[in-house]
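K.L.:
Below: sequence and its predicted model.
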Amino acid sequence: MEKRLRTLEKYTLINDILTSANNKIQEIPVKKLIKENEEISKNSKTKLYSVIIRFLLVSAGIFMFLKVKHHKKSREDKKKLYSREEENSPLQKKVIEAFGEIIQLAKKNSPEFFTRFQEVYPEVISNLLKIDSKLRVSELTLCSYIFLGFTTKDIASLTFRTISTVRNRKHNLGTKLNIPTEESTELWFKNVSRKKS
């Protein structure tokens, strides 16, 4: 029995050693696997942070580029606008002076009024003649008064006619030029000047 007991003890000892060794062998890959997973996770986080930082840097770079480009374009547009204003300033002054001169000629009922109007606003007369080439000078003169914004009462006073006479002439002119009844005559004449010749 003693021999059996020793054998059992040896067996138990060997079995414990083998089990312990087996457990250690099994723990090594598990620990290694856990460590590798932790490193992979750490690397993934590092890569993710790296991608996010790169994205933010690229976005900030694009934003700054577009902002600088917009600012530069805005500055150039302002320079162009200022340059155009400087170029147009003498021209606008001439137009204002010519307009004032025409108004004064109209108020004096000067025979030079219509001639000067044709010089300053040639597109109005040419567009009216395209609509009806048989318009008389007196009708074109009335058109000029209307285009300049004179009221029926003003035109009657300036041309020494009655208000009803001017109103009838305006109505006949509207019929001849096919001006829609629902449209303002003054507005229609302003639009005629904008039509391409």
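P.N.:
Nice, I can see it. A quick note: this is a predicted structure, and the numbers were derived from the prediction, not measured.
K.L.:
Every contact and neighbour count from this point should use C-alpha atoms.
P.N.:
Will do.
K.L.:
name the helices or strands packed onto whatever helix or strand residue 125 lives in?
P.N.:
In this assignment (DSSP states H and E), residue 125 forms part of helix 122-131. Here helix 122-131 touches helix 185-194, going by 3 or more CA pairs under 8 Å, 6 or more residues apart in numbering; DSSP states H and E.
K.L.:
list the buried ones in the helix it packs on?
P.N.:
Residues 185, 186, 189, 190, 192, 193 are the ones in helix 185-194 that count as buried (16 or more other CA atoms under 10 Å).
K.L.:
quick one: contacts for the first one?
P.N.:
Residues counted as contacts of residue 185 (CA atoms under 8 Å, 6 or more residues apart in numbering) are 146, 174, 179.
K.L.:
if you set the cut-off to 10 Å instead, what comes out?
P.N.:
Contacts for residue 185 (CA atoms under 10 Å, 6 or more residues apart in numbering) come out as 143, 146, 147, 170, 171, 173, 174, 179, 191.
K.L.:
Just the buried subset of these, please.
P.N.:
Buried among those by 16+ other CA under 10 Å: 143, 146, 147, 170, 173, 174.
K.L.:
Please verify my assumption that the last one contacts residue 142.
P.N.:
I take that to be residue 174. No: if you go by CA atoms under 10 Å, residue 174 and residue 142 don't touch, sitting 11.2 Å apart.
K.L.:
can you give me phi and psi for residue 182?
P.N.:
Main-chain dihedrals, residue 182, degrees, to the nearest 10: phi -80, psi -10.
K.L.:
re the thing from before, what's in contact with the helix holding residue 125?
P.N.:
Residues from elsewhere that reach helix 122-131 (CA under 10 Å, 6+ apart): 115-119, 132-136, 140-141, 143-144, 147, 176-178, 189-197.
K.L.:
Packing partners of the helix or strand just after that helix?
P.N.:
Toward the C-terminal end, the helix or strand that comes next after helix 122-131 (DSSP H and E) is helix 137-147. Contact analysis of helix 137-147 by 3 or more CA pairs under 10 Å, 6 or more residues apart in numbering; DSSP states H and E lists helix 2-107, helix 112-120, helix 122-131, helix 152-159, helix 163-176, helix 185-194 as its packing neighbours.
K.L.:
Is residue 150 part of a helix or strand, or is it coil?
P.N.:
Here residue 150 is coil, with the state taken from DSSP: H, G, I helix; E, B strand; the rest coil.
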